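Visitor: okay, here's the prediction I keep looking at, along with the sequence it came from:
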Amino acid sequence: MKIRVKNITVYLYRHRFVRYLFVGGTTFLIDFGILYFLKNNLQTTITFSTSVAYWISISYNFLLNRYWTFEAREKEDLKRHITIYMFLLIGNYFFTLIFVAIISNYIYFLFAKALAVAIQMTWTYYIYRDMIFYTKPRIKL
């Protein structure tokens, strides 16, 4: 039983999508924590709070996804990764900002943010995997 649990744990750890979900979940917690703190404790605007939380958490997200989830460590690809990632971030940022600003008029702002993140997840993993952190298959001799 103990060996089987270890094998399942190792399998899950090595599975790219599971790592993506872990990074996404921790990014979500960082994003929400900062958003909540800025909005509720410092009484900043929803737009300011959402913006600051987004950019801090997304920096963490990029680093972990690049080096751990997708194991894209090649220095020559860093510029390409950052360039494509920035286009995705800008699109996701404006989507998040507009979505949260509008929807938070009807539901609690953290629920609006969670919904925005859930919607973004439908396209983000595939863009990460197939466009941003795509690495050319290596020829094994």
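Guide: Yep, it's here.

Visitor: please enumerate the helices of the chain.
Guide: Under the criterion DSSP state H, the chain carries helices at the ranges 2-14, 16-36, 46-64, 78-103, 109-127.

Visitor: got the contact list for the nearest residue to residue 113 once chain neighbours are set aside?
Guide: Leaving out its chain neighbours, the residue that sits closest to residue 113 by Cβ to Cβ, 6 or more residues apart in numbering is residue 100, at 5.4 Å. C-beta here means a position set from N, CA and C on the backbone, and glycine is covered the same way. Applying Cβ atoms under 8 Å, 6 or more residues apart in numbering to residue 100 gives the contacts 46, 50, 109, 112-113, 116.

Visitor: then residue 35?
Guide: If a contact means Cβ under 8 Å, 6+ apart, then residue 35 has 49-50, 53, 109-110, 113 as its contacts.

Visitor: and for residue 129?
Guide: For residue 129, the contacting residues are 16, 70, taking Cβ under 8 Å, 6+ apart as the criterion.

Visitor: check it and give its pLDDT.
Guide: Listed pLDDT for residue 129 reads 83.

Visitor: for this structure, which spans come out with low pLDDT?
Guide: Counting by pLDDT under 70, the chain contains low-confidence ranges at 1-2, 5-6, 11-13, 73-76, 135-141.

Visitor: still on that earlier bit, for the helices of the chain, give me a markdown table that also has distance to residue 71.
Guide: Shown next, in a markdown table, are the helices of the chain (distance: least, Cβ to Cβ, whole Å):
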| stretch | distance to residue 71 |
| --- | --- |
| helix 2-14 | 10 |
| helix 16-36 | 8 |
| helix 46-64 | 11 |
| helix 78-103 | 12 |
| helix 109-127 | 15 |
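
Visitor: so for residue 133, which of these sits nearest?
Guide: Ranking the helices of the chain by their distance to residue 133 (criterion: Cβ to Cβ) puts helix 78-103 first, at 6.3 Å.

Visitor: report the inter-axis angle for that closest one versus helix 16-36.
Guide: Between the axes of helix 78-103 and helix 16-36, defined by axes from the mean of the first three to the mean of the last three Cα atoms, to 10 degrees, the angle is 50 degrees.

Visitor: got the angle for helix 78-103 vs helix 109-127?
Guide: Using the same axes, to 10 degrees: helix 78-103 against helix 109-127 is 150 degrees.
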